[in-house]
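# Build the 3D model from these lines:
(chains A and B)
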Amino acid sequence: SQTIHQWPATLVQPVGSPLSLECTVEGTSNPNLYWYRQAAGRGLQLLFYSVGIGQISSEVPQNLSASRPQDRQFILSSKKLLLSDSGFYLCAWRATGRTSYEQYFGPGTRLTVT
Amino acid sequence: GIQVEQSPPDLILQEGANSTLRCNFSDSVNNLQWFHQNPWGQLINLFYIPSGTKQNGRLSATTVATERYSLLYISSSQTTDSGVYFCAVGYSSASKIIFGSGTRLSIRP
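Predicted coordinates for the structure are as follows:
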């Protein structure tokens, strides 16, 4: 069966510091991968998605970037964090080449920028 | 782009009550999911239901794609049903789905 991991689970970082969040998927090949952000008490905002290694689509101009160095690894980064980057970051995956287009989510990383 | 509206935004019920959550969308879609976000933030897949009706225990869902809405039914609510329920829609040919703003459900003992 498929499993999705995210780390760290929680993170407190000062303004201006760098960021690296990692997401890995097990049990599937060539998945679509997604990064979402959820502000407190709000809905989910799609940040980036990837349909293959090195292929990144950005949905919202911002202080963040994403990379996919391996088939089942998706990384969210920032060079200098802003207070507005605080939130709950969720990674998701979706199988390709099937009739079901269901997305599955990881446990999330709660980021607080101080 | 597709617009997704969920109603009601908030719902407070006593344990044992039944509830109906609605998701309206602005375009013909062939990809629709219902999620439950628990108090720890985990998004749990409830239904993948681009059309028709499905049931899983006390939960069931119906999507009428031609009329652009989906309904989530929760019967005999339990306190563990509390949380935020999201619907998300998209096109199967596209890589992404669009989330509604959610319904926050609070079940009181």
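# Please name the strands paired to the helix or strand of chain B with the lowest mean pLDDT in the sheet, noting orientation.
For chain B, using mean pLDDT, DSSP states H and E, the weakest element among its helices and strands is strand B:98-99, scoring a mean of 92. Next to strand B:98-99 in the sheet, as set by DSSP bridges, lie strand B:83-90 (antiparallel).
# Need the residues that contact the partner strand.
A:43-44, A:101, A:103, B:2, B:4, B:6, B:21, B:23, B:25, B:29, B:31-39, B:43, B:46, B:70, B:72, B:96-100, B:102-105 (C-beta atoms under 8 Å, 6 or more residues apart in numbering or on different chains). All C-beta atoms are positioned from the backbone trio N, CA, C, and that covers glycine.
# likewise stretch B:102-109?
Stretch B:102-109 is touched from outside by A:43, B:6-15, B:17, B:19, B:21, B:37, B:74, B:77-86, with contacts defined as C-beta under 8 Å, 6+ apart.
# rerun at 10 Å
With C-beta atoms under 10 Å, 6 or more residues apart in numbering or on different chains as the contact definition, stretch B:102-109 has outside contacts at A:38, A:41-44, B:6-17, B:19, B:21-23, B:35-37, B:72, B:74, B:77-87.
# for chain A, what are the nearby residues on chain B?
B:4, B:6, B:30-33, B:35, B:37, B:40-45, B:47-48, B:50, B:84, B:86, B:88, B:90-102, B:104 (C-beta under 10 Å from any C-beta of the partner chain).
# Can you pull up the residues of chain A that come close to chain B?
A:9, A:32-34, A:36, A:38, A:41-46, A:49-51, A:57, A:59, A:88, A:90, A:92, A:94, A:96, A:98-110.
# Narrow these to just the buried residues.
A:32-34, A:36, A:38, A:43-44, A:46, A:49-50, A:88, A:90, A:92, A:94, A:101, A:103-110 (16 or more other C-beta atoms under 10 Å in any protein chain shown).
# wouldn't A:E59 be in contact with A:L44 here?
No - the pair A:E59 / A:L44 is not scored as a contact, 11.4 Å apart, by C-beta atoms under 10 Å.
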